[in-house]
Each structure stands twice: as C-alpha cells, then as structure tokens.
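Visitor: Here is my input; please provide its structure:
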Amino acid sequence: MKQLLLAFLLLNFITLNAQKDSTSTLKSILLEQLKTTHNVKDWFVPADTAIAGLTAEQANWKDSSENHSIAQLTTHLIFWNLHALKSFTGQKQSAFDGDNKETFSPVDEKSWPATVTRLDSVLTAWEVAVSNADEIKLQKWYDTIAHIGTHNAYHTGQILYIRKMKGWWNDANGVK
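Guide: Numbering: from 1, shown residues only. This is a model prediction of the structure:
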C-alpha cells in the first residue's frame, strides 16, 4: 500500500510540475505539500493567510451546531502537527489520552496572537525537519507527511468557509 501511495504521489507531482522542474524528489514533493498548506499560495489559500487578521472574538465564533470555531480548528492543527513532528524527530510526546475532542481549544484575546504564531512555528519546523531528513527517513515517513498536508488543507478549507460565510474574507487573498 505504501509503495502504491508513493508511486501515486510521485507520478501526480511530476505530471503536474513537469514544466517547473524535471528533477523532483520525494523530499521536494513533501516540502511542496507542506509549504503550500503553510504559507505559499498556489492552487489554494495556505493556513497562514486563512487565519491572518482575525480577532480572538472572530476566531472563537461558532454556529449553533457542534461545528468547530476557527480557533478550535487552529489549535487542532497545532496539536496534530506537533504530535507527528515530535514523533518524526524522536522527541518525547506530551500526555494524550486519545480523545480528539481535546485537541480543539478556544482562545482568548491574549492567547490568539500566540496561537497564530505557534501554528506558523510548528509548520515551519516541519519544513525544516523534512529538509534535513535523509531519504531513508523520508521513505519511512512519506505517507504520514503527505497526510499531514492533506489534513492541513482540509481544515484550512473549513476556516475559509467560516470566514466567507461571516463576511470576514477578502477575495483578493484568494478563493473568490
């Protein structure tokens, strides 16, 4: 299964980017995914742009259902990116009982700017870790790293949906 996923990722990336760079590697593919879901605008809006300029009040807004707020989605992304990064880099994991609901946290006026900065720091750390990793490690981890990019893009889409619905989105930033 991993071989099939790797072949798909490589073929898909190489096909889409053949005119950009004919020397794509697993590392370059993974870095492209991480960067475009972090702070490089490409086919879709990255996470940093999606959360930029929001107040804590806006970030905490929730509809009447059990949907998550932008703040909760952001803290969830921080948790899972950091959790996987610690595993990738061999660091000790924080205590976690496995209840995913605990990864969605509200923020306040003081913690929201730090939350925005923390997401940027964790996503940057992933890019550095992949840049510094050797091919053997990337072969073992590529499926997890690829899924991290997909997970980040999925929740960034939810954030954009909320912003557009509430009128807090400037179409000049993408996603008209």
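
Visitor: least trustworthy helix or strand in the chain by mean pLDDT?
Guide: None of the helices or strands of the chain scores lower by mean pLDDT, DSSP states H and E than helix 2-16, at a mean of 49.

Visitor: Ser111 - how many residues pack around it?
Guide: 16 (other Cβ atoms under 10 Å). C-beta: built from backbone N, CA, C; applies to glycine.

Visitor: How about it, nearest residue that isn't a chain neighbour?
Guide: Among residues not flanking Ser111 along the chain, Ala56 sits closest, at 7.6 Å (Cβ to Cβ, 6 or more residues apart in numbering).

Visitor: Please report how far the residue nearest the centre of the chain lies from Ser111.
Guide: Nearest residue to the geometric centre of the chain (Cα atoms, centre = their mean): Asn152, 2.9 Å. Applying Cβ to Cβ, to the nearest Å, the value for Asn152 to Ser111 is 21 Å.

Visitor: Can you give me the pLDDT of Asp108?
Guide: We have a pLDDT of 97 for Asp108.

Visitor: Please give me every residue in contact with the residue lying closest to it once chain neighbours are set aside.
Guide: Leaving aside its sequence neighbours, Asp108 sits nearest to Ala56 (Cβ to Cβ, 6+ apart; 5.9 Å). If you count contacts by Cβ atoms under 8 Å, 6 or more residues apart in numbering, Ala56 has them with 71, 107-109, 111-112.
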